[in-house]
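S.K.: The following block contains a protein sequence and its predicted model.
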Amino acid sequence: IKYPKDFAPNLLSEDYAINFDFIIVGAGSAGSIVAARLSEICEWNILLLEAGGDPPESSEIPLKWSLALNTEYDWKFLTEKEDNLFKGLDGEVCHIPRGRMLGGSSSLNVMLHIRGTKFDFDKWETMGCTGWDFNSVLPYFIKSENFTDTTRFDPTFHGKCGPLTVSPFESPDPAIQTISQAAELMGLTNVKDLNKIDRTVGYAMSDSTTRNGMRCSTLKAFLIPNSGRPNLFVAKYIRVTKILIENKKAIGVEFVTKTGEFKTVKCTKEVILCAGVVMSSQILMFSGIGPADHLKEMCIDVVTDLPVGHNFQDHIAFFGLVLSDRKDRPISKIAEESTKLRKDTFDLISKGISTMGLTGLISFVDTKRASGNPDIEIMKIRYSYNTTKTLNTFRNMFGFSDEMANVYNELNMKSDIILMIPISNLITKTGRILLRSKDPLSSPKIIANYLSDQEEIDTMVKGIEFVVEMCKKKPMTDAGYIFEEIVFPNCEANCKWGTTDYWKCAIKNVATSIFHSVGTNKMGAISDKTAVVDPFLKVIGIDCLRVIDSSTMPALVSCNTNAATMMIAEKGSDIIKKQYGK
Ligand SMILES: Cc1cc2nc3c(=O)[nH]c(=O)nc-3n(C[C@H](O)[C@H](O)[C@H](O)COP(=O)(O)OP(=O)(O)OC[C@H]3O[C@@H](n4cnc5c(N)ncnc54)[C@H](O)[C@@H]3O)c2cc1C
């Protein structure tokens, strides 16, 4: 892989004679797309600043996705403690990983490619985001895509000419067939394509952002193929600390180098923040754009009073539903079958087939059977026999405490374990990002405020109960998948497995983020006091400054967030081109 040439040495030595038209902050899911699309206009000079460098080799291989977590390639954000959550997590706080490298979180994520429903985007429109209803955003999903599965290709909702390769995930796990049969008995149908226009509920194997079995991040799809353009300059290990603003107009940015030197660079047209849900808000606040009372508390001069950092939303997943795969077999047989299944999975990779191992099956459920939009997403992950302890899986992936991880590791030493993971889509209360200190290199405070509302907890419990009922259906019991009745250290001894009290206590221990945080620079009408950017993604009240990333989502989509973020970047780039008559 030939990564983009690093412009940072020229930037630091000021050895260049270029007038930058646009400065893009962050080369993540959104930033890489915006840089590629804007640099299509050859008279525009684009400077893309990224706090990280090239991704590690392991990030290429989907099965190795988690190796970059908790390393230099991850921002490793943490939430604050919550009274009623995270008790089984390390330090009783929740991990919010984000990619810190070219490609950003698209170089770190699990690659599931699910766009969201018609309901999701039509809701954005009703929230004041004119031009962001489903019919208006669909062309941008299609524009990015090169959909490889010819058997399911339908030009009304798939694309063939885009740079982003989208391929089906495959898995040899026989449990997928069994769970599908159980799902049918629960009234779900195989929708075959989770991105089809009328999909609401149902199940299917997910599509993925992969190409020939390898990760297809926005770095790979958009940035690398265009990094030879003479008008695109990519500077690595440059961390932007604030936006330079004169008379309420953005004119450039301040940044800090790897060695701690602070410098500035200017542009003639616009600064575009694509630094993601946490850092785009932090940069705005350090620039004097944010809630006036909070900025004053931090002794930052207020340029404009906007609700930056509010509206933090995320998907919470429950990790307490664990099935064993023992079937009264001797351990030697369990080990033999597990090894074979692992081998079959690795064989797929050598054939260039996309696999995320023993996962990929996704179901969407409307437990209330009311709105028509799913309130629960269900993921399934199988962990091979006797692997999670060595790989420290539960601590690394989901931030479990050692004590909690040990409970799961013990089960994994008896057989493969299958986690059935309900993820709640219902959000009634939002969280908030605040500056922790005046130090621009500090990590902000993330007040998660997850599941702080009774309706949210009730929905999660409904999701859990749905999964329990599904896993007790005949195909599952016939196949020998049995629930492990986990005793959580913080729950009362008489809290019986399967009761509502048990689930509520289990939620306090092992409900945590499934990495979909969005919303902290909310898009809305200019008149909307809760909005930070308008429907053209312009920061309200400031000229020449936009935010184009996951932080602008007014409401979380009812699925994984990468596809919707990429769509925002495609549409945002088009909005800019149109504004300048290009
Ligand atoms: C572990 C994990 C798994 C996930 N799995 C999935 C999945 O399977 N499917 C899915 O749809 N979604 C998934 N997501 C979510 C999805 O990847 C994100 O919603 C999406 O990538 C967000 O894109 P973004 O452009 O807003 O931010 P990012 O992609 O995070 O990009 C922000 C970029 O800005 C850079 N940056 C930040 N601050 C600065 C600064 N001060 N100066 C310069 N550069 C800066 C960062 O280093 C980064 O490169 C996952 C996320 C994670 C973390």
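M.R.: On my side now, so go ahead.

S.K.: how about the residues of the chain that lie near the ligand?
M.R.: 25-31, 49-52, 97-100, 104-106, 108-112, 239-240, 274-277, 279, 283, 515-516, 549-550, 560-563, 565 (C-beta under 6 Å from any ligand atom). (Glycine included, C-beta is placed from N, CA and C.)

S.K.: 5 Å - rerun?
M.R.: Residues of the chain found near the ligand (C-beta under 5 Å from any ligand atom) are 26, 28-30, 51-52, 97-98, 100, 104-106, 109-110, 112, 239-240, 275-276, 279, 515, 549-550, 560-562, 565.

S.K.: Return the subset of those residues lying in strands.
M.R.: 239-240 (DSSP state E).

S.K.: Which parts of the stretch 401-550 of the chain are helices?
M.R.: 402-412, 454-471, 474-478, 500-510 (DSSP state H, counting those that start in this stretch).

S.K.: what's the closest of the ones you listed to residue 386?
M.R.: Between residue 386 and the helices of the stretch 401-550 of the chain, the shortest gap by C-beta to C-beta is with helix 402-412, which sits at 6.3 Å.

S.K.: could you say what helices and strands that closest one packs with?
M.R.: The helices and strands touching helix 402-412, judged by 3 or more C-beta pairs under 8 Å, 6 or more residues apart in numbering; DSSP states H and E, are strand 322-324, helix 388-391, helix 393-398.

S.K.: Distance from the shortest one to the middle of the chain?
M.R.: Chain-centre distance of strand 322-324: 26 Å, with C-alpha atoms, centre = their mean, to the nearest Å.

S.K.: Note down every partner strand of that strand and its orientation.
M.R.: strand 417-424 (antiparallel), strand 482-483 (antiparallel) (DSSP bridges).

S.K.: of all the helices of the stretch 401-550 of the chain, which lies closest to residue 215?
M.R.: helix 402-412 (26.3 Å).

S.K.: Name the residue of the stretch 1-150 of the chain that lies nearest to the ligand.
M.R.: Relative to the ligand, the nearest point of the stretch 1-150 of the chain is residue 28 (1.8 Å; C-beta to the nearest ligand atom).

S.K.: Run through the residues that contact the closest residue in space to that residue that isn't next to it in sequence.
M.R.: Counting by C-beta to C-beta, 6 or more residues apart in numbering, residue 104 is the residue found nearest to residue 28 once chain neighbours are left out, at 2.1 Å. Taking C-beta atoms under 8 Å, 6 or more residues apart in numbering as the criterion, residue 104 is in contact with 26-32, 52, 98, 218, 276.

S.K.: mind checking how far the residue positioned nearest the centre of the chain is from residue 558?
M.R.: In the chain, the centroid-proximal residue (C-alpha atoms, centre = their mean) is residue 516; its distance is 4.0 Å. The gap separating residue 516 from residue 558 is 10 Å, by C-beta to C-beta, to the nearest Å.

S.K.: Other residues contacting the longest helix anywhere in the chain?
M.R.: Identified as the longest helix of the chain according to DSSP state H is helix 331-350. Residues outside helix 331-350 that contact it (C-beta under 8 Å, 6+ apart): 61, 63, 170-173, 213, 325-326, 329, 354-355, 357-358, 382, 384-386, 414-416.

S.K.: Residue 37 is in contact with residue 229, correct?
M.R.: No: with contacts defined as C-beta atoms under 8 Å, residue 229 does not count as touching residue 37, sitting 11.6 Å away.

S.K.: Tell me which of these two has more neighbours.
M.R.: residue 37 (20 against 15; other C-beta atoms under 10 Å).

S.K.: Specify the beta-bridge partners of the residue lying closest to residue 365 once chain neighbours are set aside.
M.R.: Leaving aside its sequence neighbours, residue 365 sits nearest to residue 376 (C-beta to C-beta, 6+ apart; 4.5 Å). For residue 376, the beta-bridge partners are residue 365, residue 424 (DSSP bridges).

S.K.: one step back: among the contacts of residue 104, name the ones in helices.
M.R.: Per DSSP H, these map to helices at 29-32, 218, 276.

S.K.: Can I get those residues in CSV including neighbour count and distance to residue 533?
M.R.: Shown next, in CSV, are the ones in helices among the contacts of residue 104 (neighbours: other C-beta atoms under 10 Å; distance: C-beta to C-beta, whole Å):
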residue, neighbour count, distance to residue 533
29, 31, 17
30, 35, 13
31, 31, 16
32, 34, 20
218, 32, 20
276, 29, 14
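
S.K.: List the buried residues in the longest helix of the chain.
M.R.: 334-335, 337-338, 341-342, 345, 348-349 (16 or more other C-beta atoms under 10 Å).

S.K.: picking that back up, could you double-check that the residue of the stretch 1-150 of the chain closest to the ligand sits in contact with residue 106?
M.R.: Yes: contact status for residue 28 versus residue 106: in contact at 6.4 Å, counting by C-beta under 8 Å.

S.K.: quick one: the residue of the chain most remote from its centre from residue 476, how far?
M.R.: Going by C-alpha atoms, centre = their mean, the residue of the chain most distant from its centre is residue 330, 40.0 Å out. Per C-beta to C-beta, residue 330 is found 22 Å from residue 476.

S.K.: and if you look at residue 354?
M.R.: 26 Å.

S.K.: Same question for residue 326.
M.R.: From residue 326 to residue 476 the distance is 14 Å (C-beta to C-beta).

S.K.: how about the helices in the stretch 51-200 of the chain?
M.R.: 118-126, 134-144, 174-185.

S.K.: out of those, nearest to residue 434?
M.R.: helix 118-126 (25.5 Å).

S.K.: contacting residues for residue 89?
M.R.: Here residue 89 is in contact with 95, 398-401, 404, 510, 512 (C-beta under 8 Å, 6+ apart).

S.K.: May I see the PyMOL selection of the buried members of the residues you listed?
M.R.: Listed next is the PyMOL selection for buried residues among those, using 16+ other C-beta under 10 Å:
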select buried, resi 95+398+399+400+401+404+510+512
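
S.K.: Dump the contacts of residue 89 into a markdown table; add distance to residue 87 and pLDDT as well.
M.R.: Formatted as a markdown table, the contacts of residue 89 follow (distance: C-beta to C-beta, whole Å; pLDDT from 0 to 100):
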| residue | distance to residue 87 | pLDDT |
| --- | --- | --- |
| 95 | 15 | 97 |
| 398 | 14 | 96 |
| 399 | 12 | 97 |
| 400 | 11 | 98 |
| 401 | 9 | 97 |
| 404 | 9 | 97 |
| 510 | 9 | 98 |
| 512 | 11 | 98 |
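
S.K.: now, among the contacts of residue 89, which is nearest to the ligand?
M.R.: Distances from the ligand to those, taken by C-beta to the nearest ligand atom, are shortest for residue 95, at 9.1 Å.

S.K.: How about the contacts made by the closest residue to the closest one other than its chain neighbours?
M.R.: Nearest residue to residue 95, sequence neighbours excluded (C-beta to C-beta, 6+ apart): residue 399, at 3.7 Å. For residue 399, the contact set (C-beta under 8 Å, 6+ apart) comprises 89-90, 93-95, 512.
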